[in-house]
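> Give me the fold of what follows.
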Amino acid sequence: MGVIILFLAFIAIIIVMSGIKIVRPWQRGAVEFLGRYIKTVNPGLRIIIPFFEKIRKVDMREQVVDVPPQEVITKDNVVVTVDAVVYYEITDPVKVLYNIANFYMAITKLAQTNLRNIIGDLQLDESLTSRERINTALREILDHATDKWGVRVTRVELQRIEPPSDVTEAMHRQMKAERDRRAAILEAEGIKQSQILRAEGEKRAAILSAEGKAEAIKKVADADKYQKLTVAEGEGQAIERIFAAIHNGNPTKDLIAIKYLEALEKMANGQATKLFVPYEAMATMSSLGVIKEIFGKSAE
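Prediction:
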């Protein structure tokens, strides 16, 4: 009798323990009573009626689905291999439990189908350079389709878009040719710019040299002109003083003769054929006999 009581007590403890459930912080629990949904419980210690109630736990953390690689034909009839990853989080545990039988398979097939549609509308070059555009378009489609499943698609990332090997080699050759062309253009532009700068420098140097020579010639001419003007002014002043001395006083014959001789010698320096001498000085100069001595017979 005591053994039976112990056995029944043990069974009772097991039944009571089966009615104690723990819901983790990242989980939500859907409580069913005899197969019918009655409520959703939050994290913590939960007690249910054994054999009559059941808690179905749902992970509310963000999760990822790996979309398997598949071959897709682009708009320009090039076959590329594409795969992607889809990140999602559950917003309604009830919908994800009762509105879709196999969510993982459903979202995988949905992603593959729409990925073929999106890339099929693009050229190969566009599909290779428009990853962000493809990601955004696919995320919007999946998010709208999974809304009734209580799921929100947070982001979609393409892992690779791989064209065939022959197309890849052609693209590499095209890229190399384009880079060679750009390098040749840059080199030609550099040579052109260098020649232009060199020509401008030579032109500027020639202009500065010509300006320097012209400035030097001008300074020399100005100095020579100034010197001649100074000599002429000095001679003119000397002649004026002599004439003034002749008309205003009685200078000695020697002084008059010397001053006239100095002036006449410069005036008749190999080029003059006629000389005009004041009458007052003729007698003095004749008495000294200097006219013939300077000019010879042409002065007679």
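
> So what's the residue count around V64?
11 (other Cβ atoms under 10 Å). Heads up, the C-betas are built off the backbone N, CA and C, glycines and all.

> wait, what's in contact with it?
Counting by Cβ atoms under 8 Å, 6 or more residues apart in numbering, V64 touches 85-88.

> tell me which residues form a beta bridge with it?
Counting by DSSP bridges, V64 forms beta bridges with Y87.

> State the distance from it to D166.
Going from V64 to D166 by Cβ to Cβ, to the nearest Å gives 33 Å.

> how close does E53 sit to I20?
12 Å.

> In terms of packing, which of these two has more residues around it?
E53 (17 against 11).

> Show me what that one bridges to in the sheet.
E53 forms beta bridges with F33, as assigned by DSSP bridges.

> Would you agree it is in contact with A30?
No: E53 is beyond contact range of A30, at 10.9 Å (criterion: Cβ atoms under 8 Å).

> bridging residues for Q70?
Residues in beta-bridge contact with Q70 (DSSP bridges): V82.

> How far does the longest helix belonging to the chain sit from its chain's centre?
Using DSSP state H to define each element, the chain has its longest helix at helix 165-248. Computed by Cα atoms, centre = their mean, to the nearest Å, the chain-centroid distance of helix 165-248 equals 35 Å.

> residue ranges with poor pLDDT in the protein?
1, 225-300 (pLDDT under 70).

> measure Y104 to R179 for me?
45 Å.

> still on that earlier bit, packing partners for the longest helix of the chain?
helix 253-267, helix 279-288 (3 or more Cβ pairs under 8 Å, 6 or more residues apart in numbering; DSSP states H and E).

> Closest one to Q159 out of the contacts of V64, please.
The shortest gap between Q159 and any of the contacts of V64 belongs to V85, at 6.3 Å (Cβ to Cβ).

> and the closest one, what is it in contact with?
For V85, the contact set (Cβ under 8 Å, 6+ apart) comprises 64-67, 156-157, 159.

> most neighbours, which of those residues?
Neighbour max across the contacts of V85 (other Cβ under 10 Å) = V156, 25 neighbours.

> can you pull the contacts of that one?
Contacts of V156 by Cβ under 8 Å, 6+ apart are 84-87, 111, 135, 138-139, 142.

> what are the pairing partners of the strand or helix carrying it, and which direction each?
Using DSSP states H and E, V156 maps to strand 151-162. Sheet neighbours of strand 151-162, with direction, are listed as strand 79-90 (antiparallel) (DSSP bridges).

> ok so R46 is a strand residue?
Yes: assessed with DSSP: H, G, I helix; E, B strand; the rest coil, R46 lies in a strand.

> now the nearest residue to it once chain neighbours are set aside: how far from E71?
Of all residues not flanking R46 in the chain, K21 sits nearest, at 4.6 Å (Cβ to Cβ, 6 or more residues apart in numbering). The gap separating K21 from E71 is 47 Å, by Cβ to Cβ.
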